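**Q** got a sequence here, can you model it:
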Amino acid sequence: MAFVPQEAPTGENSDQLPQTSEFFWKSHDGLTLAGREWPASHNANEANKTPIPVLCLPGLSRNTRDFNEISNFLQRKGHRVIALDYRGRGKSDWDPDWQNYALPIEEKDIDAAIDHLKLERFALFGTSRGGLHALVLGLRYPADRMAAVVFNDIGPHIEMRAIHRIAATLGHNMSCATLDGIAETLTRTLGPQFPVFGKDDWLKMAAQLASKHDGSFVMDYDPALARQFASLDDAAPVPDLWPLYDNLTDRPVLILRGEHSDLLSAETCKRMIDMHPNSQLKTIKGQGHAPVLWETDTHETIAEFLSSI
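**A** Just a heads-up that it's a prediction; the model follows:
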């Protein structure tokens, strides 16, 4: 695959529309991986300071569309924004070996993307699994490279009840004849996490998670992802991720938490804030795991945080 740009918008209001394009890069083992870039809008920044580029990493089964709205907003603020599809998600190739849907392999893919994009200095925006990647990337990319982190509903401690909830639905109900059918499934499975959502909100989420293939709407990930959770063992030792978070105390951190999140607890957030001298927390009302990043208030919080980097 080659670089496929989206046609630039035209017309008298074209300068107000998001300009974005897909890009592709190769993994170390030959897969074609996909991402989306929102180039910096240079006329958006009135100050002389160049806004920091932002690298967005999605959740376990999610894709770049989760970042459409926040990326459009940050682009208008002058940021270059990049979002990646992990292998087996979105427009990236599926891996023939499901065991490669693992954090260490994905980290190699992320490193290859950073090299492909020639990202010298950037802020990392990680939703759920993307935040786990941020913890590890902080070991390889010092503060003069990965200058700040936004954690979207993720931290060094994950509540097991959320893992079991995710495992119970991952890889199931992968397709429906209509987008409404996908939305109804999401309402059943995620309703307690997003009690304020109405029908239009669920349809909007469905359009982010699924796309049309051969006449049906299909979730945009390889169902083999679910095999990672086939043998969950609550008694197994849990890796201590707090030292990785402590390693990030030399750069600013913003923590976003959904008010109803069952994955990131208020107690974990408090510990994250207490141990980091340059951290801040925003709780997003009415949402759970993971916040959808649609609200202007959330956009402004993120933009203000990034403006100080």
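**Q** all helices of the stretch 201-309 of the chain, in order?
**A** Remark: helices assigned in the stretch 201-309 of the chain by DSSP state H, counting those that start in this stretch are 242-246, 266-275, 296-307.
**Q** quick one: list the elements packing against the last one.
**A** For helix 296-307, the contact count by 3 or more CB pairs under 8 Å, 6 or more residues apart in numbering; DSSP states H and E identifies helix 68-76, strand 146-152, strand 253-258, strand 279-284 as packing neighbours. For the C-beta atoms, the positions are set from N, CA and C on the backbone; glycine is no exception.
**Q** hey, C-alpha coordinates of the longest one in CSV?
**A** What follows is helix 68-76 as a C-alpha-only set of coordinates in CSV (Å, rounded to 0.1, in the frame of the first residue of the first chain):
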residue,chain,number,x,y,z
ASN,A,68,-11.4,12.2,15.1
GLU,A,69,-13.0,15.0,17.2
ILE,A,70,-10.2,15.7,19.5
SER,A,71,-7.7,15.7,16.6
ASN,A,72,-9.8,18.1,14.6
PHE,A,73,-9.9,20.4,17.6
LEU,A,74,-6.2,20.2,18.3
GLN,A,75,-5.4,20.7,14.6
ARG,A,76,-7.3,24.0,14.7
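**Q** who touches it?
**A** For helix 68-76, the surrounding residues in contact (CB atoms under 8 Å, 6 or more residues apart in numbering) are 18-20, 36, 38-41, 44, 51, 54, 56, 81, 83, 125, 208, 293-294, 298-299, 302-303, 306.
**Q** quick one, that helix and helix 296-307 angle?
**A** Computed by axes from the mean of the first three to the mean of the last three CA atoms, to 10 degrees, the angle separating helix 68-76 from helix 296-307 equals 50 degrees.
**Q** what's the following helix or strand after helix 68-76?
**A** Later in the chain than helix 68-76, the nearest helix or strand by DSSP states H and E is strand 81-84.
**Q** what sits up against that next one?
**A** In contact with strand 81-84 (CB under 8 Å, 6+ apart) are residues 33-38, 53-58, 64, 66-67, 70-71, 74-75, 109-110, 113, 117, 119.
**Q** quick one: which of the residues you listed sit in helices?
**A** Judged by DSSP state H, helices contain the following of the contacts of strand 81-84: 70-71, 74-75, 109-110, 113, 117.
**Q** among those residues, who's most crowded?
**A** residue 74 (28 neighbours; other CB atoms under 10 Å).
**Q** any idea how far that one is from residue 207?
**A** For residue 74, the distance to residue 207 (CB to CB, to the nearest Å) stands at 21 Å.
**Q** what do you get for residue 42?
**A** For residue 42, the distance to residue 207 - CB to CB - is 30 Å.
**Q** likewise residue 144?
**A** Distance from residue 144 to residue 207, by CB to CB: 38 Å.
**Q** more neighbours, the two?
**A** residue 207 (15 against 10).
**Q** now do the contacts for that one.
**A** Residue 207 sits next to 65, 179 when contact means CB under 8 Å, 6+ apart.
**Q** ok, 10 Å please
**A** Contact analysis of residue 207 by CB atoms under 10 Å, 6 or more residues apart in numbering lists 65, 68, 179, 182-183, 217.
**Q** list just the nearest of the residues you listed to residue 29.
**A** residue 65 (25.5 Å; CB to CB).
**Q** check the burial of the closest one by counting its neighbours.
**A** Number of residues near residue 65 (other CB under 10 Å) recorded here: 20.
**Q** same deal with residue 107?
**A** Counted with other CB under 10 Å, residues neighbouring residue 107 total 15.
**Q** go on, residue 101?
**A** Per other CB under 10 Å, the neighbour tally for residue 101 reads 23.
**Q** my guess is it contacts residue 95, does it?
**A** Yes - Residue 101 is within contact range of residue 95, at 6.4 Å (criterion: CB atoms under 10 Å).
**Q** quickly list what's touching both of those two.
**A** 86-88, 222, 224-225.
**Q** now those in TSV, with pLDDT, neighbour count and distance to residue 274?
**A** Converted to TSV, the shared contacts of residue 101 and residue 95 look like this (pLDDT from 0 to 100; neighbours: other CB atoms under 10 Å; distance: CB to CB, whole Å):
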residue	pLDDT	neighbour count	distance to residue 274
86	99	29	32
87	99	24	36
88	99	22	37
222	98	22	39
224	98	17	39
225	97	19	34
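**Q** quick check, nearest of the residues you listed to residue 199?
**A** Comparing these against residue 199 with CB to CB places residue 225 closest, at 27.7 Å.
**Q** who touches that closest one in this structure?
**A** Per CB under 10 Å, 6+ apart, neighbours of residue 225: 60-61, 86, 88-89, 94-95, 98, 101, 170-171.
**Q** hmm, try it at 6 Å
**A** Going by CB atoms under 6 Å, 6 or more residues apart in numbering, residue 225 touches 61, 101.
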